[in-house]
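Participant: got a structure for you, letters missing:
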């Protein structure tokens, strides 16, 4: 159980990062066939998620080396965080599953009821998890580490978003196209 | 009654309908109009758009529209809009073939924007070799980019800067997505009247429902980044026409047999189907269409 909680949190963080990668790419490429584009975007999100998770994990491991009592305190925080994140993650993944497998109307319902609203509340869910974790923290250091880790996760999407531009079609420079309006009547 | 809020995209670019050339747009005039309509945030947005001597920079406005349309495509993809259109087009095309209409059967997308529906139908439609798909829009930037996208993916469709109702070869079926709410009163009648030359039409627009503006706000906040798209998305939902208004206008202007498809009868219906269609055909095509619709037939509303 002790090892399971951090691993579960890391898994959630990387999964969330993958979704972030997809989201920042979506709506920026108007091609019809773009599975490769989305796969690359998800990989990019996952890569950065792995990087930040490893960084946070290494930081926490280092802190625990210097302060042996910190790890059990962090487990208390992790438990509180999971009470907030797990229902959110479970419902999101169920929504994704339904969207991927079902017919058009049910897919739309999954989008309307789960995927759309849950994207909107994601920052608030992470913030709530941070508050819950800090609230339950037995010590100040554990509370600070909890808030910092959640902050890193929140910063991930803006980081992925930075520098992203709409992909204009080949030959499109973003400059206005010359007016060669051919009247078809 | 639908709201009379204004959409920024309707105001910042203007075209001469006869020549299709862009006309200069006064920034101050647009700002004043939005302010007079009580749309302060929209007015502030327009105020920030680049202009020289009070004339809005056409390139900047077109680019903002282009970015918004690219984002908008993401919503169409999420709500499987092209699939929904295809499901109606297949039986409609079969009805046309049965009634002996000579090929090629032309489907014309009115106000196609970046041509998502046209390109998607060309890519996945399996509509038949005897079908031509043509997208028309008056916005040069959108059509040029739509053409590049189609060329890039080798899609067999045509995209024209043109008035869809003045083509040399008129369409057999007119389609559109998210266009109807742009028209009011006589303009709505004129929009349908332009299709008398065709045999049928399928026009999808945002479902008129108390939920629509809320749903539209949520999805535009969650999925869109462009302020223009976020603003116009919500306004579009508030401007959506009730089913009866569309059917009356369509029937009066074309004389076709018309019905709504997926018109919501309750809130669950509005959540399941954020878009509904106004479908119309010449009287003699209605019965064959119903025959070919299969299970979709149950989703047709009463005819008018």
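Facilitator: On my side now, so go ahead. Being a predicted model, the structure only gives us computed values, none of them experimental.
Participant: for the closest residue to residue A:69 other than its chain neighbours, what are phi and psi?
Facilitator: Excluding the flanking residues, the one nearest residue A:69 by Cβ to Cβ, 6 or more residues apart in numbering or on different chains is residue A:139, at 7.8 Å. Glycine gets a C-beta too; all of them are placed from N, C-alpha and C. When read as degrees, to the nearest 10, the backbone of residue A:139 gives phi -140, psi 160.
Participant: against residue A:67, how distant is residue A:139?
Facilitator: Distance of residue A:139 to residue A:67, computed by Cβ to Cβ, to the nearest Å: 9 Å.
Participant: okay, and residue B:279 sits in which element?
Facilitator: strand B:275-281 (DSSP states H and E).
Participant: partner strands of that strand and their direction?
Facilitator: In the sheet, strand B:275-281 lines up against strand B:200-206 (antiparallel), strand B:257-261 (antiparallel) (DSSP bridges).
Participant: any idea which helix or strand comes after the shortest one?
Facilitator: Yep, that's strand B:257-261 we're talking about. For strand B:257-261, the following helix or strand on the C-terminal side (DSSP H and E) is helix B:267-272.
Participant: next helix or strand past the helix or strand where residue B:238 lies?
Facilitator: Per DSSP H and E, residue B:238 falls inside helix B:227-239. Elements were assigned by DSSP H and E; along the chain past helix B:227-239, the next helix or strand is helix B:243-254.
Participant: show me what contacts residue B:174?
Facilitator: Applying Cβ atoms under 8 Å, 6 or more residues apart in numbering or on different chains to residue B:174 gives the contacts B:107, B:108, B:109, B:110, B:164, B:194, B:195, B:198, B:200, B:201, B:202, B:203.
Participant: next, give phi and psi for the second one.
Facilitator: Okay, so that is residue B:108. Main-chain dihedrals, residue B:108, degrees, to the nearest 10: phi -110, psi 120.
Participant: which residue packs closest to it, ignoring adjacent ones?
Facilitator: With sequence-adjacent residues excluded and distances taken as Cβ to Cβ, 6+ apart, residue B:108 is closest to residue B:171, at 3.2 Å.
Participant: same question for the third one.
Facilitator: Using Cβ to Cβ, 6+ apart and skipping residues adjacent in sequence, the residue nearest residue B:109 is residue B:135, 4.4 Å away.
Participant: beta partners of that neighbour?
Facilitator: Residue B:135 has these beta-bridge partners by DSSP bridges: residue B:109, residue B:159.
Participant: correct me, but it touches residue B:112?
Facilitator: Yes: using Cβ atoms under 8 Å, residue B:135 is in contact with residue B:112, at 3.4 Å.
Participant: one step back: for the helix holding residue B:238, packing partners?
Facilitator: Counting contacts by 3 or more Cβ pairs under 8 Å, 6 or more residues apart in numbering or on different chains; DSSP states H and E, helix B:227-239 packs against helix B:8-12, helix B:40-48, helix B:58-78, helix B:212-223.
Participant: sorry, back to before: quick one: the strand holding residue B:279 to helix B:58-78, angle?
Facilitator: Angle, strand B:275-281 to helix B:58-78, by axes from the mean of the first three to the mean of the last three Cα atoms, to 10 degrees: 90 degrees.
Participant: run the angle between the helix or strand just after strand B:275-281 and strand B:275-281 for me.
Facilitator: Sequence-wise, the next helix or strand beyond strand B:275-281 is helix B:283-293, with elements assigned using DSSP H and E. Using the same axes, to 10 degrees, the direction of helix B:283-293 lies 130 degrees away from that of strand B:275-281.
Participant: outside of helix B:283-293, which residues touch it?
Facilitator: B:88, B:90-92, B:94-96, B:98-99, B:199-200, B:255-257, B:279, B:281, B:297, B:300, B:303.
Participant: pretty sure residue B:196 sits in a helix.
Facilitator: No: counting by DSSP: H, G, I helix; E, B strand; the rest coil, residue B:196 is not found in a helix; it is coil.
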